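*Asks:* give the three-dimensional model of this entry:
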Amino acid sequence: MRNQRRSIIGVERAESRALLSGFGHAFAPPSAAVQADLAKINTDSAKLQTDYKAVASTLQADRQAIGTAVKAAIANDAPVKTAQATLTADEAAAKTTLQADLKAILAAPTRAARSTAFGQYLTDAAAAFNKLLADQNAVQAAIDADSAVAAARAKLATDSATVTADEAALTADYKQLAIDLKAQATSTRK
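*Replies:* Below you'll find the predicted structure:
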């Protein structure tokens, strides 16, 4: 039987403190730069919320217009239909090729023949992947080139410009806060 020790840890209530005290736990009050950064973050966050609320319904309508334009492009745009037909044909061809490769692997009479068939399967699978990826990119490019889709996306970008600028300002505020906190931590260690 193993020698087991039991430890009982007791905590006595001493007094309540607003800040931790003791060796290594002292906190310096935030510097003026950090306080200014926090105030700017609060201001810019409020501005972002206000600006977003002002354009939220417009942005939702813009996103719906993009969805409608994409669906229309898929249904009616000749370059999109051509790209989709190519993708569908290449998917069918890849499926047929890979199924034949699997049958060859299973039908191989020797280990060397299985190894060769498996190598062919891997080669064909990689080629199919690259071909289908290129086909999917072609479909997306055709959708992106549709004039109605491009116009709807441009409208969304225009309508969301103030929100985008607010988000960029808030990101910059947080970066500045990180710089100022690091500078404060460095200065208090000296």
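*Asks:* what helices or strands is the lengthiest helix in the chain leaning on?
*Replies:* If you go by DSSP state H, the chain has its longest helix at helix 32-76. Helix 32-76 sits against helix 78-107, helix 111-145, helix 147-159, helix 161-189, with contacts defined as 3 or more Cβ pairs under 8 Å, 6 or more residues apart in numbering; DSSP states H and E. Bear in mind the C-beta positions are built from the backbone N, C-alpha and C, glycine included.
*Asks:* could you redo the last one with a cut-off of 7 Å?
*Replies:* On a contact count with 3 or more Cβ pairs under 7 Å, 6 or more residues apart in numbering; DSSP states H and E, helix 32-76 meets helix 111-145, helix 147-159, helix 161-189.
*Asks:* for Ala54, find the nearest of the ones you listed.
*Replies:* Nearest to Ala54, of all the helices and strands packed on helix 32-76, is helix 161-189, at 8.1 Å by Cβ to Cβ.
*Asks:* which parts of the closest one are buried?
*Replies:* For helix 161-189, burial by neighbour count (16 or more other Cβ atoms under 10 Å) applies to 163, 166, 169-170, 173, 176-177, 180, 184.
*Asks:* ok, stretch 116-128 next?
*Replies:* Residues of stretch 116-128 classed as buried by neighbour count (16+ other Cβ under 10 Å): 117, 121, 128.
*Asks:* now stretch 134-149
*Replies:* By 16+ other Cβ under 10 Å, the buried positions in stretch 134-149 come out as 135, 138-139, 142-143, 146, 148-149.
*Asks:* which one of those residues is nearest Leu48?
*Replies:* Closest to Leu48, out of all of these and judged by Cβ to Cβ, is Val149, at 27.8 Å.
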